[in-house]
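In: Here is my input, please return the structure:
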Amino acid sequence: MPSLLVAVADSVFPNLDLARAVVSRAGAELRLAPQPTPEGIVATAKEADALLVTYAKINADMISQMKRCRIISRFGIGVDNVDIAAATRQGIVVTKVPDYCIDEVSDHAMALLLSLVRKIPFSSARAHAGRWEMPAVTPIHRLRGTVLGLVGFGRIPQLVAPKAKAFGLRVVASDPFVPQAVMDQAGVGKVEFAELLKISDYISIHSPLLPETHHLFSTEVFRQMKPGALLVNTSRGPVVDEAALAAALDAKQIAGAALDVLEQEPPVSSPLFGRDNVILTPHTSFYSVESLEELQTKAAEEVVRVLSGQPPRNPVNPEALAAARSK
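Out: All right, here's what the predicted structure looks like:
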């Protein structure tokens with residue numbers, strides 16, 4: 001009988017076979033919560049030694065009831081759905097998988113940008129409706145020689161940059177945490193956020209969701225962008241104020257947007273629905289068969305490391321490591 005229990009709060013995977021195989025190497029049993037609700041998760045996790053989570057909110061009250069837990073490992077890159085401070089106070093290490101879908105998201109960002117610039121969804125819809133009308137999609141401008149501004153320059157935008165440059169775009173980025181030398185090596189111009197807004201023909205958002213980035217793209221920010229600018233967001237929905245974006249599109253302050261993420265997912269309604277100059281995809285930029293296999297495996301491996309007394313590879317709150325080892 002396994003002496004360790006690994007709870008799973010919620011899952012988007014076809015099955016959990018890969019994670020189960022990984023944790024079994026540490027003599028642990030994997031158990032999925034009956035429902036991805038606070039009550040359902042706590043019922044499974046309160047006696048668990050570790051918790052794996054995808055999208056479920058793991059708040060302070062839930063964490064306080066997880067007396068044996070040593071690690072909360074997220075199936076994903078961002079950890080804004082976990083109360084990090086509460087986990088730290090209880091000596092629970094929180095981990096993420098920051099490198100599992102960087103190819104997929106960078107590809108998706110470029111696909112959205114190209115589709116937006118070339119007006120492909122709009123053209124396709126009209127052609128399917130029997131309207132073979134090139135004048136309806138004009139004007140379309142050449143990519144080469146234009147400027148792509150990257151908001152954030154972590155792993156994903158560092159892959160977007162060479163893909164964009166292959167199309168002849170000049171790439172600049174704004175990220176106060178990335179050294180000049182990193183951007184120089186990538187051949188990317190380091191600029192302040194205000195300058196990026198001013199000079200970019202296209203802006204692709206790659207920033208995490210933090211208090212200071214919530215509604216970063218606001219009414220005032222849209223006013224600083226070029227009138228013909230296009231916006232792409234594959235990071236987190238709440239980084240963009242959707243009402244402000246809709247107003248900016250109505251006022252022709254910017255020309256279009258392509259979003260893989262929204263403030264509310266799934267959306268009940270949105271002022272962005274039904275617009276020819278807005279492309280929406282249902283938070284699929286991370287997805288490929290291979291990326292999900294990698295994600296499930298790497299998140300489970302973090303659990304095994306901590307339960308085996310080893311340090312995790314990607315701790316969000318490393319200060320909790322000492323407390324976790326003493327449990």
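In: switch to C-alpha atoms for all contacts and neighbour counts from now on
Out: Noted.
In: Could you pick out the longest helix of the chain?
Out: helix 289-307 (DSSP state H).
In: which secondary structure elements does that one contact?
Out: Helix 289-307 sits against helix 17-24, strand 50-53, strand 71-74, with contacts defined as 3 or more CA pairs under 8 Å, 6 or more residues apart in numbering; DSSP states H and E.
In: Give me the contacts around that helix.
Out: Helix 289-307 is contacted by residues 13, 16, 18-19, 22-23, 25-26, 49-50, 52, 70-76, 95-97, 100-101, 104, 311-314, 324-325 when judged by CA atoms under 8 Å, 6 or more residues apart in numbering.
In: Tell me which of the helices and strands packed on helix 289-307 sits most buried.
Out: strand 71-74 (a mean of 29; mean count of other CA atoms under 10 Å).
In: and it, which strands flank it?
Out: Using DSSP bridges, strand 71-74 pairs in its sheet with strand 50-53 (parallel), strand 93-95 (parallel).
In: Let me know the average pLDDT across it.
Out: Averaging pLDDT along strand 71-74 yields 98.
In: Give me the contacts around it.
Out: Strand 71-74 has contacts (CA under 8 Å, 6+ apart) with 49-54, 92-97, 299-300, 302-303, 306, 324.
In: can you check stretch 114-134 too?
Out: 137, 140-141, 143, 230, 256-258, 276-279.
In: 7 Å instead, please
Out: With contacts defined as CA atoms under 7 Å, 6 or more residues apart in numbering, stretch 114-134 is touched by 137, 140, 258, 276.
In: what's the distance between the residue nearest the centre of the chain and Y55?
Out: In the chain, the centroid-proximal residue (CA atoms, centre = their mean) is S235; its distance is 4.0 Å. S235 sits at a distance of 14 Å from Y55 (criterion: CA to CA, to the nearest Å).
In: likewise L230?
Out: Separation of L230 from Y55 (CA to CA) stands at 29 Å.
In: same thing with R31?
Out: From R31 across to Y55, the span is 17 Å (CA to CA).
In: Repeat that for R155.
Out: To Y55, R155 is 21 Å away according to CA to CA.
In: Looking at those two, which has the bigger crowd around it?
Out: Higher neighbour count among R155 and Y55: Y55, with 18 against 15, using other CA atoms under 10 Å.
In: In a helix, the more buried one, correct?
Out: No: under DSSP: H, G, I helix; E, B strand; the rest coil, Y55 sits outside any helix and is assigned coil.
In: how about it, what does it touch?
Out: 10, 81.
In: With G187 as the reference, measure out to it.
Out: 35 Å.
In: Also V160?
Out: 12 Å.
In: Which one's more surrounded, those two?
Out: A count of neighbours by other CA under 10 Å puts V160 above the other of V160 and G187, at 23 against 15.
In: That one and S106 touch, don't they?
Out: Yes: V160 sits in contact with S106 when judged by CA atoms under 7 Å, with a separation of 5.0 Å.
In: overlap in contacts of the two?
Out: Between them, V160 and S106 share no contacting residue, judged by CA under 7 Å, 6+ apart.
In: So which residues of the stretch 51-200 of the chain form strands?
Out: Under the criterion DSSP state E, counting those that start in this stretch, the stretch 51-200 of the chain contains strands at 71-74, 93-95, 147-151, 170-174, 189-190.
In: Now distance to K119 too, for those strands, in JSON lines please.
Out: Formatted as JSON lines, those follow (distance: least, CA to CA, whole Å):
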{"stretch": "strand 71-74", "distance to K119": "36"}
{"stretch": "strand 93-95", "distance to K119": "39"}
{"stretch": "strand 147-151", "distance to K119": "17"}
{"stretch": "strand 170-174", "distance to K119": "21"}
{"stretch": "strand 189-190", "distance to K119": "28"}
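In: tell me the pLDDT at R325?
Out: Looking at R325, the pLDDT reads 54.
In: now do S11
Out: pLDDT, read off for S11, is 94.
In: and the closest residue to it other than its chain neighbours, how far is that from S218?
Out: Excluding its sequence neighbours, the residue lying closest to S11 (CA to CA, 6 or more residues apart in numbering) is T54, at 6.1 Å. As for T54, its distance to S218 is 28 Å (criterion: CA to CA).
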